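# just the structure for this:
(chains A, B and C)
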Amino acid sequence: MSVTAALPDAVRFRPLVVRRRGFAARHPRIMVAAVLLLVLTSLAVFAPLITQYDPQALAVTQRLRPPSWQHLFGTDAYGRDTFSRTIHGGRISILIGVSVAVISAVIGTMIGLVGGVVRWLDPMVMRISDGLMSIPAILLAIALMSLTRASVGTVIVAITIPEVPRVIRLVRALVLTVREQTYVQAAVSSGTRMPRLLLRHILPNTLTPLIVQSTYICASAVLLEAYLGFLGAGPPPEVPSWGNMIAENRTFVQLAIWNVMFPGGFLAMLVLAVNMLGDGVRDLLDPRLAGRLR
Amino acid sequence: MLAGGGVAPVFDAAPLPGPLLEVKDLRKFYGVGRGLWPRRAAATVRAVDGVSFTLCRGETLGLVGESGCGKSTAGKALMRLIEPTSGSVRLDGVEVTTLGSAALHVARRTMQAVFQDPYSSLNPKMTAGTLVGEPLVNYGIGSAAERRARVEDLFDRVGLRADDMAKYPHEFSGGQRQRLGIARALAPGPALVVGDEPVSALDVSVQAQVINLLVRLQAEFGLAYLFIAHDLAVVRHISDRVAVMYLGRIVEIAPTATLFARPAHPYTRALLDAIPVPDPRRRRRRDVLPGEVPSPLNPPSGCHFHPRCPIARERCRVDDPALRPLEAGHAVACHYAEEVLP
Amino acid sequence: MAELRLGSVALVEPAALRVEDLRTHFLTSDGIARAVDGVSYHVGRGETLGVVGESGCGKSVTALSIMRLIPDPPGRIVAGRVLLHGRDLLALDEAAMRRVRGNEIGMIFQEPMSSLNPVLTVGRQIEEVVALHGRLSAREAAERAVEMLRLVHIPEPARRAGEYPHQLSGGMRQRVMIAMALSCNPGVLIADEPTTALDVTIQAQVLTLMQDLQERTGTAIVLITHDLGVIAECADRVAVMYAGKKVEDAPVQALFDNPLHPYTRGLMASMPRLDTPLGSVRGTLPEIPGTVPRLSRLPEGCRFAPRCPLAVPQCREEPPLLEYAPGHAAACWRAGE
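Numbering: from 1, shown residues only, chains lettered A, B, ... in the order given. Below is the predicted model of the structure:
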């Protein structure tokens, strides 16, 4: 017999206590992510109002200055203000991230719905998306960029194309599951025809994982754009994207680390914030999915 | 469309003579595994293997059997929720199995379903009112205001409140969800309702409520029910006739009183024997039916029941008995049924 | 023709398992759900206690509490005693409790497919239980596994021991569960809805098997079910539960002859039966109106009062469990009216 047998009831039985905590306390991840995103987005959106320096303005007398009160993040090799360039770069990154997420979600959902519902088209859809997925996204993006002139628009297209297969797979898998649900059979027996079936029954029940996946795609797109910029296959060099900035200032990294550190740091923060938001929303909307998605 | 907000069967204007539903030789086979050639299955599961019965207006036919007997598959096949492999299903004289999608859409209005699982048979993202009103939208019945009135009426008839219409399915209990399913089935004014284990997933006390509701609605609207279930006591209560299925076939079909008082097929007798009666005095060491239901991939030769049958003879191993009439309205698929009768 | 089973051995023997005032609560987003709220029952050697109730009544949670398998969070046993041959299981530390589970108390569950490990052969799973508790060698454990399979009437037990759960039918898997639960000769077996998921002919086989084994080994069985037919068939005594409390406790014959609590009566009346006469007009089944209350929002006083046809203002005060006849107790101010 163990010692606990001798303990009185009050010690053996710990009572259950209800502790009411607010939304913020129960979902710390979403709060942190939301705050971070709010800060970054505000900086990006209000960039022209925040800084008086034109991100493209050269000032050869002010080259490679370290951070100071006049130049919060210092200057780069051409004397351009790094703070200004960084927050303007944020605009590019956020624009690209959101555009890719939205466009790939829309296209991927349409194709995924078709693949999941029209059985004879399904193998073709899957083989094409498998084929696209087997090429590393960065290589595919570089290849696509090499075919056209560099601009923010073409970068968006080049990044969207490798991301679409991920959405197709997800939506198709979800559609296949939802299709077997009893409520879909019930809708069919109630006389519901395919368009309404897709729109009112199948699609709404695929939305939750889709939203979560879109946030991950946004993060991935932001990173991809930075890689492309770093490799010189991204937006044109005068555009102050973070990838471009890191690439340009690579050679001066020992002299002026701030020119690499700030864009890199912001990049990391944005990707982190988006990923955290995705995790948090996933757990919020369907706790059973936690740990299974991706 | 009826004035007065009542929900009546669609074909009430001039009901055709003859039974409402005539099923003949319904079969549903599934190919399993892959043979050498692509598209050729290695084996066939004969889930439904020649089921025939008729159902008249206002009548309830109970379709019972244990798991794997094919009763749910038969129900879905006759509604063309799954496509039958062969056979004929005539709904009010119209052959349903060969209808194109437009004509099938019209036919479906007469034939509605209530499903077993109250949790998965309602779309979690739609409100109760939208769910119940969906058949009305599908068939273009009435204006939006008329539809709303109709849905309110249906809610009332199944014992739910009008302000429940804005709620989502997860806000209802199992029994209430099943009521929603019933209301949805009644919305387009069907003549036939196929219930696929409609009360099996409910608690005993809720079961009674829903059974009473179904009986009441049947009287109110003159509905015919095909009541698929495994609980014989429930089936006995609600059915006019009962068909017993085993391994994809009907082995006995009879009026309810006859089936329960004088079961002719050895399987029916075994089934009735096996049900525990809530009376401790009737407790006895029964002759328990041995063995298990054979795999539908490899059914026994001759009569499918012969390996477990207490009166099986040589002929049963070889000769597959067809469903033959025994007395008025009572048919059985057994060579020696007469010996079993008391 | 009818053969009455002998029971009630427990009247002479001390209880093999005695649950006293057990309380298990769960923390939910809705508040505290008092799933088991002061439940007491006992079962003696060779006896079968039927625990009957609908979903949400706490019968399964009681069983899991006895086995101390309640996940914490969100649940917790907050009071009570569980005496196994006089020893309080709730006072043991986890290591001692592990030696009890499977060894002195066996448990079988409703869904045999999810209770068996799909990647181990059934023989191996029985061997594991035996090896955990005994001092048998590997070969002896394997032999014992085959012996247990034979005991539960699985044909060709040696061959079947090498098969995986998915290769067996539902009835056979349940027999394997019984074999596992009985492999160490426990004094008490808790069967939580053991036949609910089975076909009725297979249910008959499994119930007969359990009764045979009980006669042979003298195991006390706690049979949890919602099916009053199964209770009538197998139980010696019955405890009826509702919303976390025991509302009636009686020998089985007394319960069916003279149910005292309105809930028990309502339950019995609302079940369609095979032995009632069929009228020419389909009758209405007597209903219990309303639904089971949410365990986090229980009414004051008697929990059944909102649905009870006999409710009176006094029911706002919770009725105590009182004995109205030898061995027959009910918790109702108007018991037996």
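
# could you use CA atoms for every contact and neighbour count after this?
Will do.

# ok, the strand or helix carrying C:Ser40 near chain A or not?
Using DSSP states H and E, C:Ser40 maps to strand C:31-44. Yes. Among the residues of strand C:31-44, C:31-32 lie within reach of chain A under Cα under 8 Å from any Cα of the partner chain.

# mind checking what helix or strand follows that strand in sequence?
For strand C:31-44, the following helix or strand on the C-terminal side (DSSP H and E) is strand C:48-52.

# partner strands of that next one, with direction?
Using DSSP bridges, strand C:48-52 pairs in its sheet with strand C:220-225 (parallel), strand C:237-242 (parallel).

# now mean pLDDT and mean neighbour count too, for those, in a markdown table please.
Output for these, formatted as a markdown table (pLDDT from 0 to 100; neighbours: other Cα atoms under 10 Å in any protein chain shown):
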| stretch | mean pLDDT | mean neighbour count |
| --- | --- | --- |
| strand C:220-225 | 95 | 26 |
| strand C:237-242 | 95 | 25 |
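
# of all the ones you listed, which one is nearest A:Val281?
With Cα to Cα as the measure, strand C:237-242 is the member of the strands paired with strand C:48-52 nearest A:Val281 (38.4 Å).

# now the angle from the closest one to strand C:31-44?
If you take axes from the mean of the first three to the mean of the last three Cα atoms, to 10 degrees, strand C:237-242 sits at 170 degrees to strand C:31-44.

# center of chain B - which residue?
With distances taken as Cα atoms, centre = their mean, B:Ile228 lies nearest the centre of chain B, 3.1 Å away.

# who in chain A is up against chain B?
Residues of chain A lying near chain B by Cα under 8 Å from any Cα: A:181-186, A:188-193, A:201, A:204-205.

# switch the cut-off to 6 Å
A:182-183, A:190-192 (Cα under 6 Å from any Cα of the partner chain).

# by neighbours, which of those residues wins?
Using other Cα atoms under 10 Å in any protein chain shown as the neighbour criterion, A:Ser190 leads the residues of chain A next to chain B with 29 neighbours.

# would you list every one of the helices in the stretch 201-342 of chain B?
Secondary structure of the stretch 201-342 of chain B (DSSP state H, counting those that start in this stretch): helices at B:204-221, B:232-238, B:256-261, B:266-274, B:314-318, B:337-340.

# just the C-alphas of the fourth one, formatted as CSV.
So the one you mean is helix B:266-274. C-alpha atoms of helix B:266-274 as CSV (Å, rounded to 0.1, in the frame of the first residue of the first chain):
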residue,chain,number,x,y,z
PRO,B,266,-35.7,-20.5,-39.9
TYR,B,267,-33.7,-17.3,-39.9
THR,B,268,-36.7,-15.2,-38.9
ARG,B,269,-37.4,-17.6,-36.1
ALA,B,270,-33.8,-17.4,-35.0
LEU,B,271,-33.8,-13.6,-35.2
LEU,B,272,-36.9,-13.4,-33.1
ASP,B,273,-35.5,-15.9,-30.6
ALA,B,274,-32.4,-14.0,-30.2
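
# off-centre distance for the strand holding C:Ser40?
Relative to its parent chain, strand C:31-44 has a centroid offset of 13 Å by Cα atoms, centre = their mean, to the nearest Å.

# smallest distance to chain B belongs to which residue of chain C?
For chain C, the residue closest to chain B is C:Gly229, as judged by Cα to the nearest Cα, at 4.0 Å.

# hmm, back to that, put together JSON lines for the strands paired with strand C:48-52, with distance to A:Leu267 on each row.
Listed next are the strands paired with strand C:48-52 as JSON lines, based on distance: least, Cα to Cα, whole Å:
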{"stretch": "strand C:220-225", "distance to A:Leu267": "59"}
{"stretch": "strand C:237-242", "distance to A:Leu267": "59"}
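
# identify whichever of these lies nearest to C:Asp257.
Nearest to C:Asp257 among these is strand C:237-242 (12.8 Å), distances taken as Cα to Cα.

# which residues touch the closest one?
Contacts with strand C:237-242, where a contact means Cα atoms under 6 Å, 6 or more residues apart in numbering or on different chains, come from C:49-53, C:57, C:246-252.

# before I go, just wanted to say thanks for your time.
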